[in-house]
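[1] sharing a sequence plus its predicted fold:
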Amino acid sequence: MRINKNFERLISKSDGMDRILELKNISKSFGGLHALRDVTLNLSKNKITGIIGPNGAGKTTLFNIITGYLHPDNGTIKYREENITGLTPSKIAHLGIIRGFQTLRLFEQLSVLDNVIIYSKPQKKESIFLSLLPSALFNQEYKAIKQSSLEYLELFHLDNKANALAGDLSYAEQKLLNLARLFAMPGDLILLDEPMSGVDIKIIDQITSFIKKLPDYRKTVCLIEHSLDVIQSVSDEIIFLGEGKVLFQGNMDDVFKNKELSNMYLGV
């Protein structure tokens with residue numbers, strides 16, 4: 001579908017005072033395929049932003065570029081005013097951008113608790129060198145991490161499964177465990193790629209309620225999700241991608257009001 005230039009006026013203007021992430025003029029091509037075209041957008045602190053658009057719109061490519069799994073052909077990415085364009089995934093994660101993949105990537109032969117402990121926030125800045133500390137200090141640090149990990153599990157109603165193997169959980173419980181791990185990681189921007197994929201409708205409301213709570217803990221969330229009900233329920237703002245371009249950034253209600261956008265996304 002050819003992009004109507006009138007979409008440009010629908011892109012909201014931000015004063016930048018509450019930005020946590022800023023993309024400017026990001027483009028990415030694979031051979032002759034333009035996956036992203038001059039993408040400019042902002043994410044606001046402690047808000048939930050939903051990314052929608054038809055298949056092939058460039059949503060996953062966008063996440064891959066933000067998190068360093070792909071490098072843009074041109075453009076810049078700033079996180080907390082720091083230019084992170086071209087950094088490796090590990091460096092970007094260390095700065096505080098956490099990504100959840102469609103595949104869960106759990107340590108299935110470890111306990112539920114250990115899965116969270118591995119990802120939990122260290123209590124000391126130098127905790128990466130815990131193995132070099134005297135045993136008493138190591139034990140004190142480990143106890144603090146273990147306690148905080150149990151609290152994360154309790155938040156996601158998994159504390160009664162703390163000693164169970166992650167691989168023995170139901171798929172819905174594994175989804176919740178994955179969210180608990182992301183929440184435990186030392187970062188304040190969480191990118192979720194289709195968090196409801198494969199989840200039974202009975203558990204969607206539960207997962208949705210947890211996602212909605214994340215800004216209360218000073219977490220900024222950006223999610224790709226095909227479920228319109230989920231997007232409407234959790235998102236403070238919507239970014240609409242089409243043919244690799246940002247066609248709209250704003251309120252979901254305005255998508256329905258615009259016939260071209262609603263036809264592109266909903267076919268109505």
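    Good, I have the coordinates. Note that the structure is predicted; figures quoted are calculated from it, not measured.

[2] domains of the protein?
    Domain ranges of the chain: 1-96+187-268, 106-181, per automatic domain parsing.

[3] least reliable of these by average pLDDT, please.
    Lowest mean pLDDT within the domains of the chain: domain 106-181, at a mean of 82.

[4] chain center to that domain: distance?
    Averaging C-alpha positions (CA atoms, centre = their mean, to the nearest Å) puts domain 106-181 20 Å from its chain's average.

[5] do stretch 234-242 as well
    13 Å.

[6] the domains of the chain into CSV, with extra columns for mean neighbour count?
    All C-beta spots, glycine's among them, are computed from the backbone N, C-alpha and C. Formatted as CSV, the domains of the chain follow (neighbours: other CB atoms under 10 Å):
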stretch, mean neighbour count
domain 1-96+187-268, 17
domain 106-181, 16
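
[7] so residue 76 touches residue 86, yeah?
    No - taking CB atoms under 8 Å as the definition, residue 76 is not a contact partner of residue 86, at 9.5 Å.

[8] what's the helix or strand for the residue nearest to the spatial centre of the chain?
    Nearest to the mean C-alpha position of the chain, by CA atoms, centre = their mean, lies residue 191 at 1.0 Å. If you go by DSSP states H and E, residue 191 is part of strand 189-193.

[9] after that strand comes which helix or strand?
    Scanning onward from strand 189-193 (DSSP H and E), the first element met is helix 201-213.

[10] same for that following helix, what does it pack against?
    Judged by 3 or more CB pairs under 8 Å, 6 or more residues apart in numbering; DSSP states H and E, helix 201-213 is in contact with helix 171-184, helix 228-234.

[11] just the angle between the first one and helix 201-213, please?
    I take that to be helix 171-184. 10 degrees (axes from the mean of the first three to the mean of the last three CA atoms, to 10 degrees).

[12] then helix 171-184 to CSV, C-alphas only?
    As requested, the backbone C-alpha atoms of helix 171-184 are provided in CSV (Å, rounded to 0.1, in the frame of the first residue of the first chain):
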residue,chain,number,x,y,z
TYR,A,171,3.4,-22.0,29.5
ALA,A,172,1.4,-19.2,31.1
GLU,A,173,3.5,-19.5,34.3
GLN,A,174,6.7,-19.4,32.1
LYS,A,175,5.5,-16.2,30.6
LEU,A,176,5.0,-14.7,34.0
LEU,A,177,8.5,-15.9,35.1
ASN,A,178,10.0,-14.2,32.0
LEU,A,179,8.3,-11.0,33.0
ALA,A,180,9.6,-11.4,36.6
ARG,A,181,13.1,-11.8,35.3
LEU,A,182,12.8,-8.7,33.1
PHE,A,183,11.5,-6.7,36.0
ALA,A,184,14.4,-7.9,38.2
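
[13] how far off centre is that helix?
    13 Å.

[14] wait, residue 214 sits on residue 221?
    Yes - taking contacts as CB under 8 Å, residue 214 lies within contact range of residue 221: 5.3 Å.

[15] and for these two, which residues touch both?
    48, 190 (CB atoms under 8 Å, 6 or more residues apart in numbering).

[16] and the strands in the stretch 51-200 of the chain?
    All strands of the stretch 51-200 of the chain, identified by DSSP state E, counting those that start in this stretch, fall at 74-79, 82-83, 97-100, 189-193.

[17] hang on, the earlier thing: same list (the helices and strands packed on helix 201-213) but as JSON lines, adding distance to residue 31.
    Listed next are those as JSON lines, based on distance: least, CB to CB, whole Å:
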{"stretch": "helix 171-184", "distance to residue 31": "33"}
{"stretch": "helix 228-234", "distance to residue 31": "31"}
